[in-house]
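Student: Quick one, structure for this:
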Amino acid sequence: MIGRNDPCPCGSGKKYKKCCANKEAVTVDVVVDEEMERVLQNFYELYPKKQDFEAYHAVGAKWNEALGDKLDIELVEAIAIDYFFFEERLDIWTGYLEKVLKDTIRPALKERLEKWSHPSLLIGKIKEVKDDYMIVEQSDTKALVQLRREGERPIPENVHVFCFILPIDEQRHLAISSMIFFPVDHTAIFEQFFKEKTMGDSMELWKKLVENGFEGNEFTDFETEVFDRIMAYLEEQGRDAERILQLTQDFVVEKQPKARKPVAIAAGAIRFGNDHGYFEKIDTTVKAIAEYFDVSASSLNKYERELAEYAGI
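Tutor: Numbers count the residues shown, from 1 in each chain. A predicted model of the protein is given here:
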């Protein structure tokens, strides 16, 4: 075994502790993270078993009765399966974890998995978004949780998030279920609900959210109108909206532009996309686009410039 004060075997001439020791620690962390992901992936591939179907369908029926006529069936099923595994039948998860721990040799992985027996429900407001993590304020206790980001899509601050979580270490957590975001249109529902209720009443919270108009959309009504107007215009023109829509969604979520009318952003996005090849070129003018969206040319140009800056053009 290499001592920390021994010459580093890489040949740099430095002591091991000043050279590759930290790199190896980083490598171990990466390997452990990958193995943790594999543990989670395998769980969802193996369960529920045939003998669990009746119990799962009972939970699914309960959630479908509560939300099925208001939310997309896939979203209701995702909520139901998370509650089934991590609330109603936690024994399925803990039984699986016990089997994994018996076969785990790596000490660092074993140490983390030993803390995974009790997943927690997280419902809270996103206070800060960093490169790899976001800081979430729990709605009931106001405690702050570091939650790992999944993917690179921009996430706005002040929206609420719902998921089940497990610890990575003393400070950081990861979502083990669907991570569902609620736009700021629903902030008042969360604030009022947790003045009187707790996490244990979450089905009632879901009912109040759908009564308030939540349909599974992560965007506000204002943002949704921006995107709908872009799609409607490009559909009329026989153009593919995917690339410009993706850019505009990221721009609106990350930059939170303070437009008075959503059509101003939509018009700016159409001009930007047309000028920079985000869809097949349309033979039109700034004046014609402005007239179609009933906005001034100056408003259109303002958001075209902001999108160009955001896109790095």
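
Student: from here on, contacts and neighbour counts on C-alpha atoms
Tutor: OK.

Student: which residues touch Met231?
Tutor: Counting by Cα atoms under 8 Å, 6 or more residues apart in numbering, Met231 touches Ala241, Leu245.

Student: Could you rerun that using 7 Å?
Tutor: Taking Cα atoms under 7 Å, 6 or more residues apart in numbering as the criterion, Met231 is in contact with Ala241.

Student: That one: which element?
Tutor: Using DSSP states H and E, Met231 sits in helix 221-236.

Student: In the chain, mark out all the strands, start to finish.
Tutor: Ranges of strands in the chain, per DSSP state E, are 120-129, 133-138, 144-148, 160-167, 172-175, 180-182.

Student: quick revisit: rounded mean pLDDT for the helix holding Met231, please.
Tutor: For helix 221-236, mean pLDDT is 93.

Student: Same question for stretch 262-270.
Tutor: Summarised as a single mean, pLDDT over stretch 262-270 is 95.

Student: Need the contact partners of that stretch.
Tutor: Residues from elsewhere that reach stretch 262-270 (Cα under 7 Å, 6+ apart): 222, 225-227, 229-230, 248, 289-290, 293, 295, 299-301, 303-304.

Student: list the buried ones in stretch 148-167?
Tutor: The neighbour-count check on stretch 148-167 (16 or more other Cα atoms under 10 Å) flags 148-149, 154-167 as buried.

Student: Over to stretch 51-58?
Tutor: Neighbour-count burial for stretch 51-58 [16+ other Cα under 10 Å]: Tyr56.

Student: What are the contacting residues of it?
Tutor: Around stretch 51-58, the neighbours that count as contacts under Cα under 7 Å, 6+ apart are Phe84.

Student: Quick check: buried residues in stretch 243-260?
Tutor: Buried residues in stretch 243-260, counted by 16+ other Cα under 10 Å: Ile244, Leu245, Leu247, Thr248, Gln249, Asp250, Phe251, Val252, Val253.

Student: CA atoms only for that stretch - export them in CSV, please.
Tutor: What follows is stretch 243-260, C-alpha atoms only, in CSV (Å, rounded to 0.1, in the frame of the first residue of the first chain):
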residue,chain,number,x,y,z
ARG,A,243,-35.4,23.8,-32.2
ILE,A,244,-36.7,27.3,-31.6
LEU,A,245,-39.2,26.1,-29.1
GLN,A,246,-36.5,24.4,-27.1
LEU,A,247,-34.3,27.5,-27.1
THR,A,248,-37.2,29.8,-26.1
GLN,A,249,-38.3,27.5,-23.3
ASP,A,250,-34.7,27.5,-21.9
PHE,A,251,-34.5,31.3,-22.3
VAL,A,252,-37.8,32.1,-20.6
VAL,A,253,-37.1,29.7,-17.7
GLU,A,254,-33.6,30.8,-17.1
LYS,A,255,-33.8,34.6,-17.8
GLN,A,256,-37.4,35.2,-16.7
PRO,A,257,-37.9,38.1,-19.2
LYS,A,258,-40.4,40.8,-17.9
ALA,A,259,-42.5,41.2,-21.1
ARG,A,260,-45.9,42.8,-20.7
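
Student: now that stretch, how far from the centre of its chain.
Tutor: 17 Å (Cα atoms, centre = their mean, to the nearest Å).

Student: where does Ile244 sit relative to Phe279, distance-wise?
Tutor: Using Cα to Cα, to the nearest Å, Ile244 is found at 7 Å from Phe279.

Student: next one: Asp52
Tutor: 48 Å.

Student: got it, and Ala66?
Tutor: 42 Å.

Student: Buried subset of the contacts of stretch 262-270, written for PyMOL?
Tutor: Per 16+ other Cα under 10 Å, the buried members of these correspond to this PyMOL selection:
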select buried, resi 225+226+227+229+230+248+289+290+293+295+299+300+301+303+304
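
Student: What segments of this protein are helices?
Tutor: Under the criterion DSSP state H, the chain contains helices at 20-46, 53-67, 73-83, 90-103, 107-113, 187-196, 202-211, 221-236, 242-255, 262-275, 286-293, 297-311.

Student: and among those, the most buried is which?
Tutor: Of these, the one with the most neighbours on average (mean count of other Cα atoms under 10 Å) is helix 262-275, at a mean of 24.

Student: Quick check: chain neighbours aside, which residue is closest to Leu121?
Tutor: Once flanking residues are discounted, Leu121 sits nearest to Phe164: 4.4 Å by Cα to Cα, 6 or more residues apart in numbering.

Student: hmm, I was thinking of Asn217
Tutor: That would be Phe182: by Cα to Cα, 6+ apart, it lies 7.5 Å from Asn217.

Student: who touches both of Ile244 and Phe279?
Tutor: Gly273.

Student: Model confidence score at Asp33, please.
Tutor: For Asp33, pLDDT reads 80.

Student: Low-confidence ranges, the protein, go.
Tutor: 1-30 (pLDDT under 70).

Student: Can you give the domain ranges for it?
Tutor: Listed by automatic domain parsing, the domain ranges of the chain are 50-211, 221-311.
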